[in-house]
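1. Sequence and predicted structure below; questions after.
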Amino acid sequence: MSDATDKASEGQSFEQNLDQSAKEVAQFKVKNTSLLNRIQHLLHNNPTLVPVIVLVISLIAFGFIAGSKFFSAFNLSLILQQVSIIGILAAAQSLIIITAGIDLSVAAIMVLMSVVMGNLAVFMGVPSGLAILTGMAGGVGAGLMNGWFITKIKLPPFITTLGTWSIFYALLLWLSGAQSIRGQDIDANASFLKFFGQSFNIGGARITFSAILMVLVFVVLWYMLNKTAWGRHVYAIGDDKEAAEMSGIRTDRTLLSVYGLAGLVCAFAGWASIGRVGSISPQSFYEGNLDSITAVVIGGISLFGGRGSIMGALFGALIVGVFRSGLRLSGVDVLWQVFAIGWLIIIAVAIDQWIRRVSA
C-alpha cells in the first residue's frame, strides 16, 4: 500500500514538473512574440528597411527645421550631385564588405585612374575613348592586385588594402607630379572626360549624368548579387567562407572577381569625378575611403559580411547627403555636421549588432 502511494505521489510530482516546464516554454514563446522581437526579426529579414526609415525621418525632420527651401527641386538634385561620387565608391566598398572584407584603397584607385585618363588624353594625345578604356583596365588590375594578395598570399584585407592605398597614392603623385590638370586643358584636349559633369533640367531640378551613373551602378550590382549564382556565392563567402568551400564554391576565384569588379567601379568613379570636379587633382576625395565605409555602415550592410543589400549603401550615401544639406541650410557649423555623422555611424553599428543577435 505504501509503495502504491509513493508511486502515485511520484507520478503527481512528475506531472507537476511537466506542467511547470510547459508553462516556462509557453512564457518563452510569449517573449519571442513580443513587439520588440517581431521588429528585430523584421529588420533582420529586411536590412534595407533601417536606412529607408532613417532617410524618410531625416527628410521630414529637415523639412521642418530648414524650411521649404530644403524640399526645393534644386536642393534635392544638389544632394544627388554631391553624393554621386561617394555613392559609386560605396557600391564598390559594399561588394568587398559583403564578403567580410574591407577596402581602404578605393579612393586611391579612383583618383589614380582619373590621373591616368587625364595624362593619356590631355598630355599624350591619346584619344579620350582609349584613355578611358585604359583607366578601366587599370582599375580592374588594381582590384585584382588586392584580391591576389588576399586570396593567394592569404593576407588580411585590412592590411593588404592599407598597404596598396599607400602604393596607389604614391603612384598617382608620381604620375601627376603632384600637380592638377586644369579644366581648361581638359576642355581643349579631351572634353569627353567631363561627360558625367553634364546635366539637364527637369522641373527646376538639375540632374547630372554622374547621378544617373550612380543609380545605374547600384541597379546593375543589385541584379548581379540577387539574381545570379555569382551573387549567391558572394553572400555565402561573407557568411561563412569555410562552409562555402565545403559546399563546392570556388571561393578564391569568386573573391578575385569581386575585387576586380570593385576596381572597375572605382575607375568609373574616377571618370565621373573628372566631370563632377571639373579638373583632375591628386588631392581630391582624400577622405573617400572613410566616406564610402560610412555610407555602407549607415546603409545597413554588416561589417561582418554575408548580410545586407547593396541598395542600402545608396540610401546610406543619401542619408549622409541629406544630413549635411539639412544641417547646412539650418546654419549648423561644419564641425557639428561631422559630429552628427559620427553619431550616425555609431548608432548604425549598434543597430546592426542588435539585429544580428535576433533570437530564433
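-> Structure's in. What do you need?
2. Please count neighbours and contacts with C-alpha atoms only from this point.
-> Will do.
3. Look up which helix or strand the residue nearest the centre of the chain falls in, please.
-> Centrality entry for the chain: nearest residue to the mean C-alpha point is V296, 3.1 Å, by Cα atoms, centre = their mean. Here V296, judged by DSSP states H and E, is contained in helix 288-298.
4. Name the residues of that helix that come out as buried.
-> Across helix 288-298, burial judged by 16 or more other Cα atoms under 10 Å covers 288-289, 291-298.
5. next one: stretch 53-69
-> Within stretch 53-69, the residues that count as buried by 16+ other Cα under 10 Å are 54-55, 58-59, 62-63, 66.
6. One more: stretch 334-353?
-> Buried residues in stretch 334-353, counted by 16+ other Cα under 10 Å: 337, 341, 344-345, 348-349, 351-352.
7. Widest-spaced pair of those?
-> Using Cα to Cα, the buried residues of stretch 334-353 span at most 22.8 Å, a distance reached by Q337 and D352.
8. The residue lying closest to F268 once chain neighbours are set aside: neighbour count?
-> Leaving aside its chain neighbours, F268 sits nearest to M136 (7.0 Å; criterion: Cα to Cα, 6 or more residues apart in numbering). Using other Cα atoms under 10 Å, M136 has 25 other residues around it.
9. can you check A229 too?
-> What A229 shows, counting by other Cα under 10 Å, is a neighbour count of 10.
10. and G139, what is it in contact with?
-> 109-110, 113, 260, 263-267 (Cα atoms under 8 Å, 6 or more residues apart in numbering).
11. got it, and G129?
-> F192.
12. Backbone dihedrals for it, both of them.
-> phi -60, psi -40 (degrees, to the nearest 10).
13. Would you confirm that the residue nearest to F268 contacts A267?
-> Yes - M136 lies in contact with A267 (Cα atoms under 8 Å); the separation is 5.3 Å.
14. Take the buried residues of helix 288-298 and lay them out in JSON lines including pLDDT and distance to G326.
-> What follows is these, written out as JSON lines (pLDDT from 0 to 100; distance: Cα to Cα, whole Å):
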{"residue": "G288", "pLDDT": "86", "distance to G326": "21"}
{"residue": "N289", "pLDDT": "89", "distance to G326": "23"}
{"residue": "D291", "pLDDT": "89", "distance to G326": "18"}
{"residue": "S292", "pLDDT": "92", "distance to G326": "20"}
{"residue": "I293", "pLDDT": "91", "distance to G326": "21"}
{"residue": "T294", "pLDDT": "89", "distance to G326": "18"}
{"residue": "A295", "pLDDT": "91", "distance to G326": "17"}
{"residue": "V296", "pLDDT": "93", "distance to G326": "20"}
{"residue": "V297", "pLDDT": "88", "distance to G326": "20"}
{"residue": "I298", "pLDDT": "87", "distance to G326": "17"}
